[in-house]
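In: okay, structure incoming, though there's no sequence with it:
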């Protein structure tokens, strides 16, 4: 494996001027502040810079549509440097049968939400077609295999959290689907990438009913799958997790970046991948 250590140290971590400093690239590709004469540095952190990755750079300044009203997912996309995300909630009813496996249920729901918004936005005359459409769906899978979504009422909320405590561990599954329109005439006219990420969560076995009731009264978990939020007061319920933390929040960023990078490849590479996929299918038949 090649040595990935930068040949020069990173920029100094010192307070910035009142305006973001100009930057120049050093021989390692890392940017360094260009120092200008004048008064000494003022208090305050250096401004954060976006991730300088080709796929993300292609999306900046273009329509990135999130098929979800979740403020948490929009905030997580902001960590990738995608700040001008347009919220267009899906109208898909999310009524697939619970007889599907959890993997099928969450992945088909995310893809249906993505296609619903894509179809509505692809011919948007006022704003133009989106560069990409992102959809996600999160469910809780109890130890006994039940699919849990948002609580319906306070009693259902209480029963849900007590079950998650008493059963020991459960899994959080988030499916991501990302679509991009293609300029070529390749059917169906878009590229789609999707993935399902799983994280194991264990509630504290010593969690009292009183603590559960107190959490429910905060209303923090009312709009969340499984009835709790790990990034807020719901963290008091949790003893440990195994896997991606931001998957439990609602959008696994490492997977999200992987899907965007695949989707934003040049169209000739996407076409080759599709040809290879069909060739494998033909060979199997």
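Out: Arrived safely. In this text, all values refer to a predicted model and were calculated from it rather than measured experimentally. Numbering: from 1, shown residues only.

In: secondary structure element for residue 201?
Out: strand 190-203 (DSSP states H and E).

In: show me what the helix or strand following that strand is packed up against.
Out: Using DSSP H and E, the helix or strand that follows strand 190-203 in sequence is helix 209-218. Helices and strands touching helix 209-218, as assessed by 3 or more CB pairs under 8 Å, 6 or more residues apart in numbering; DSSP states H and E, comprise helix 154-167. From N, CA and C alone the C-beta is placed, and that goes for glycine too.

In: any idea of the mean pLDDT for the helix it packs on?
Out: When pLDDT is averaged over helix 154-167, the result is 97.

In: could you do stretch 106-123 as well?
Out: Here the average pLDDT along stretch 106-123 is 96.

In: got the buried residues for stretch 252-271?
Out: 252, 253, 255, 256, 259, 260, 262, 263, 264, 270 (16 or more other CB atoms under 10 Å).

In: list the ones among those residues that fall in helices.
Out: Members of these lying in helices (criterion: DSSP state H): 253, 255, 256, 259, 260, 262, 263, 270.

In: what's the separation between the first one and residue 126?
Out: Taken as CB to CB, to the nearest Å, the spacing of residue 253 relative to residue 126 amounts to 31 Å.

In: same thing with the second one?
Out: Residue 255 sits 32 Å away from residue 126, going by CB to CB.

In: now swap in the third one and tell me
Out: Using CB to CB, one obtains 27 Å as the distance from residue 256 to residue 126.

In: pass me the low-pLDDT residue ranges in this structure, would you?
Out: 1-42, 185-187, 269-285 (pLDDT under 70).

In: tell me where it has helices.
Out: 54-59, 71-79, 102-121, 154-167, 209-218, 245-249, 253-263, 267-284.

In: in a markdown table, list these along with distance to residue 195.
Out: Shown next, in a markdown table, are the helices of the chain (distance: least, CB to CB, whole Å):
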| stretch | distance to residue 195 |
| --- | --- |
| helix 54-59 | 15 |
| helix 71-79 | 15 |
| helix 102-121 | 8 |
| helix 154-167 | 25 |
| helix 209-218 | 31 |
| helix 245-249 | 11 |
| helix 253-263 | 5 |
| helix 267-284 | 15 |
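
In: of all the ones you listed, which one is nearest residue 174?
Out: Closest to residue 174 of the helices of the chain is helix 245-249 (CB to CB; 5.1 Å).

In: how far out from the middle of the chain is the closest one?
Out: 9 Å (CA atoms, centre = their mean, to the nearest Å).

In: same deal with stretch 232-240?
Out: The answer for stretch 232-240 is 20 Å, by CA atoms, centre = their mean.

In: how about residue 109: what's its closest non-neighbour residue?
Out: What sits nearest to residue 109 in space, not counting adjacent residues and going by CB to CB, 6 or more residues apart in numbering, is residue 137, at 4.3 Å.

In: what residues are up against that neighbour?
Out: 94, 106, 109, 110, 113, 174, 175 (CB atoms under 8 Å, 6 or more residues apart in numbering).

In: now the second one: how far from residue 227?
Out: Shown here: residue 106 relative to residue 227, a distance of 17 Å by CB to CB.

In: go through the helices of the chain and name the closest to residue 47.
Out: Per CB to CB, nearest to residue 47 of these: helix 71-79, 14.4 Å.

In: buried residues, that closest one. List them.
Out: Of the residues in helix 71-79, 72, 73, 74, 76, 77 count as buried by neighbour count, 16+ other CB under 10 Å.

In: is the last one in contact with residue 132, as I believe?
Out: No. If you go by CB atoms under 8 Å, residue 77 and residue 132 don't touch, sitting 10.9 Å apart.

In: which neighbours do these two have in common?
Out: What both residue 77 and residue 132 touch, as defined by CB under 8 Å, 6+ apart, is the set residue 64.

In: identify the bridge partners of the closest residue to residue 111 other than its chain neighbours.
Out: Nearest residue to residue 111, sequence neighbours excluded (CB to CB, 6+ apart): residue 177, at 4.5 Å. Beta-bridge pairing of residue 177 under DSSP bridges involves residue 135, residue 194.
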